[in-house]
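Asker: please find the sequence and the predicted model below.
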Amino acid sequence: MEPKLFNTMGRQLQTFVPIEKGKVGMYACGLTVYNFAHIGNLRSYVFEDILRKTLEYCGYDVRHVMNVTDVGHLTGDTDEGEDKMVKSSRETGRTVWEIAEFYTKAFFRDFQLIGCSLPTVICKATDHIQDMIDLIRRIETKGFTYSAGGNLYFDISRFPGYGKLALLDLQDLRAGARVEVDQGKKSPFDFALWFTKSKFEHQAMLWDSPWGTGYPGWHIECSAMSMKYLGEHFDVHCGGIDDVPVHHTNEIAQSEAATGRTWVNYWLHGEFLLMGREKMAKSAGNFLTLSSLTEKGYHPLDFRFFCLGAHYRTQLVFTFEGLDAARTGRQGLRERMRQLKAEAPGGAQEAEGKALDYLKDFETHLADDMNMPRCLADLWTLLRDTGVAPAQKLGLALRFDRVLGLDLGSAKEEEVTLDEEAKALLEERRQARKAGNYKRSDEIRDILRARGIEIQDGPQGQKVRFAAGQRGERAVTSEGDRC
Ligand SMILES: [Zn+2]
């Protein structure tokens, strides 16, 4: 299978061809660890995980490198603003190092809970300051830098291809309303490679460098670490769509200025998760974390399933109704997998005959820029087809799950965790039944059912389970489910 991927560089679908046969070098921009990842961030990581798993499905040995930005960073895309780590330190009373460690651990816990495979290499910015200094030195030697106001800047006028990824029209943008804050810069698009003169007070992380004591600019870490672990020319670089105009644009300029050659062949970017019409962002304060979903009783993989419902290049609006539908859909899949295991006691079998058509459909849709909604639909159609033997269905579903990452092979029962409101309703229903108020009892059952929670009344009282069934279908109940 040869996947076609949408390359932001050039804005077209391209058949993926690796630099080295059988191998892929893939770099993904990681998190700035001053707070919990929000589910908008996590959508990007689900997309990157699907990309990695798709390449692995195609037989490539993928070396997946991800950075952790644990060095002083800026609140916006520009060189202005407040250092996020310092801000968090001031607000919480912890040191910047403690904050970085705490949120790094929290991030990779969430990362794995939503079914993402850990990167082959996880590299922390603060462990690679010397690599950044060495790279800045190369850029400086080639004449792409100047000093102003105590900082070292990249001079974009020396780099002819600046902005090619983002299709920036510098003329247009210069005429626009972009505010020039740093008077030392020759162009507002020039960016700092090394700060010695911090605009931030109480800068806690400082290193010696040929340009004085200070800290690196915020783009250089990705160039330095990706080249260290993947070489000066590698296959795939990915991130969120908001990385395109500044972060990745600047990464390309400084990397290619240093090496004098093409740096990355394929650029892939995931679209935003929206809250209403707004992009989910920590700065806007409208963000949800994975824990805020699991506290409400959702499984982390419900969120993954929710993400798979939209193509990674389309914006996705987050709603709890959508997440409820994802939960119902995922429960339905697990239910079918349990049934298939019972129907095929000999285990999974290789696809043959009609089952091969489903394999072909799935791979066609996967190869089409990772069309997850279509791939999921293929899985559902297969599971409903009575003309395919259960053992072959089982084999195909497990094979598809190598990319989907929904843990379909697991026979583990998932515990039902309810939010406070649901718990209170259950208690009210218990009391109502005790008092013989069956009208209220039925009302509450209907309220909970509308939220995807089924109640079964038995000798031990009320038992609850999340309703199984396909998205949009009515919930179905089945015997033998435990809470
Ligand atoms: Zn980056």
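Answerer: Looks like it came in fine.
Asker: tell me the contacts of the residue in the stretch 301-450 of the chain that the ion sits nearest to?
Answerer: Closest approach between the stretch 301-450 of the chain and the ion, counting by C-beta to the ion: Tyr312, at 17.8 Å. All C-beta atoms are positioned from the backbone trio N, CA, C, and that covers glycine. Contacts for Tyr312 (C-beta atoms under 8 Å, 6 or more residues apart in numbering) come out as Phe47, Ile50, Gly270, Glu271, Met370, Met372.
Asker: with Gly270 instead?
Answerer: Residues near Gly270 by C-beta under 8 Å, 6+ apart: Arg43, Ser44, Phe47, Glu48, Cys238, Gly239, Gly240, Ile241, Tyr312, Arg313.
Asker: and which of those is nearest the ion?
Answerer: For the contacts of Gly270, the nearest to the ion is Gly239 (6.2 Å; C-beta to the ion).
Asker: hang on, that closest one packs against Asn41?
Answerer: No - using C-beta atoms under 8 Å, Gly239 makes no contact with Asn41, being 10.6 Å away.
Asker: the chain against the ion: which residues are in contact?
Answerer: Cys29, Cys222 (C-beta under 5 Å from the ion).
Asker: any regions of this protein where pLDDT drops low?
Answerer: In the predicted model, the chain carries pLDDT under 70 at residues 72-83, 85, 170-183, 198-204, 282-285, 411, 413, 415-416, 467-483.
Asker: now render the contacts of Gly270 as a markdown table, adding secondary structure.
Answerer: Output for those, formatted as a markdown table (DSSP: H, G, I helix; E, B strand; the rest coil):
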| residue | secondary structure |
| --- | --- |
| Arg43 | helix |
| Ser44 | helix |
| Phe47 | helix |
| Glu48 | helix |
| Cys238 | strand |
| Gly239 | strand |
| Gly240 | strand |
| Ile241 | helix |
| Tyr312 | coil |
| Arg313 | coil |
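Asker: going by neighbour count, which of those are buried?
Answerer: Arg43, Ser44, Phe47, Glu48, Cys238, Gly239, Gly240, Ile241, Tyr312, Arg313 (16 or more other C-beta atoms under 10 Å).
Asker: quick one: contacts for the first one?
Answerer: Just to be clear, that refers to Arg43. Gly270, Phe272, Leu273, Cys307, Leu316.
Asker: repeat that for 6 Å
Answerer: Residues in contact with Arg43 (C-beta atoms under 6 Å, 6 or more residues apart in numbering) are Leu273, Cys307.
Asker: likewise for the last one?
Answerer: Applying C-beta under 6 Å, 6+ apart, one finds that Arg313 lies in contact with Glu271.
Asker: over to it: give its phi and psi.
Answerer: phi -100, psi 10 (degrees, to the nearest 10).
Asker: ok, it to Leu268 distance?
Answerer: Arg313 sits at a distance of 9 Å from Leu268 (criterion: C-beta to C-beta, to the nearest Å).
Asker: anything in contact with each of those two?
Answerer: What both Arg313 and Leu268 touch, as defined by C-beta under 6 Å, 6+ apart, is an empty set.
Asker: burial check on Thr386, number of neighbours?
Answerer: Neighbourhood size, Thr386 [other C-beta atoms under 10 Å]: 6.
Asker: likewise Phe102?
Answerer: 16.
Asker: now it: closest residue in space that isn't a chain neighbour?
Answerer: Distance criterion C-beta to C-beta, 6 or more residues apart in numbering; nearest residue to Phe102, sequence neighbours excluded, is Arg94 at 7.5 Å.
Asker: what's the local residue count around the one you found?
Answerer: Based on other C-beta under 10 Å, the number of other residues close to Arg94 is 14.
Asker: what do you get for the one 3 residues further on?
Answerer: Counted with other C-beta under 10 Å, the burial measure for Trp97 works out to 14 neighbours.
Asker: and if you look at Ala257?
Answerer: So Ala257, with other C-beta under 10 Å, has 25 neighbours.
Asker: so Trp267 makes contact with Arg11?
Answerer: No - counting by C-beta atoms under 6 Å, Trp267 stays clear of Arg11, with 10.0 Å between them.
Asker: picking that back up, ok so the residue nearest to Phe102 is a helix residue?
Answerer: No - counting by three-state DSSP, Arg94 falls outside a helix, being coil.
Asker: helix, strand, or coil at Val244?
Answerer: Once three-state DSSP is applied, Val244 turns out helix.
Asker: correction: the previous question concerned Trp267.
Answerer: Applying three-state DSSP: Trp267 is strand.
Asker: and the helices in the stretch 151-300 of the chain?
Answerer: Taking DSSP state H, counting those that start in this stretch as the test, the helices found in the stretch 151-300 of the chain are 170-175, 220-230, 249-259, 290-294, 300-308.
Asker: in the shortest one, what counts as buried?
Answerer: It stands for helix 290-294. Applying 16+ other C-beta under 10 Å to helix 290-294 flags Leu290, Leu293, Thr294 as buried.
Asker: can I get those in a markdown table including distance to Gly458?
Answerer: Shown next, in a markdown table, are the buried residues of helix 290-294 (distance: C-beta to C-beta, whole Å):
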| residue | distance to Gly458 |
| --- | --- |
| Leu290 | 33 |
| Leu293 | 29 |
| Thr294 | 27 |
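Asker: now do the contacts for Asn265.
Answerer: By C-beta under 6 Å, 6+ apart, Asn265 lies in contact with Asp235.
Asker: do Gln392 as well
Answerer: Gln349, Ala351, Ala355.
Asker: that one is in what secondary structure piece?
Answerer: helix 390-404 (DSSP states H and E).
Asker: next structured bit after that helix?
Answerer: With secondary structure assigned by DSSP H and E, helix 390-404 is succeeded by helix 420-434.
Asker: which elements pack onto that next one?
Answerer: helix 438-450 (3 or more C-beta pairs under 6 Å, 6 or more residues apart in numbering; DSSP states H and E).
Asker: can you pull the contacts of Ala166?
Answerer: Contacts of Ala166 (C-beta under 6 Å, 6+ apart): Val244, Pro245, Thr249.
Asker: sorry, back to before: can I get the contacts of Tyr312 in JSON lines with distance to Ile220?
Answerer: Shown next, in JSON lines, are the contacts of Tyr312 (distance: C-beta to C-beta, whole Å):
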{"residue": "Phe47", "distance to Ile220": "25"}
{"residue": "Ile50", "distance to Ile220": "29"}
{"residue": "Gly270", "distance to Ile220": "23"}
{"residue": "Glu271", "distance to Ile220": "26"}
{"residue": "Met370", "distance to Ile220": "30"}
{"residue": "Met372", "distance to Ile220": "34"}
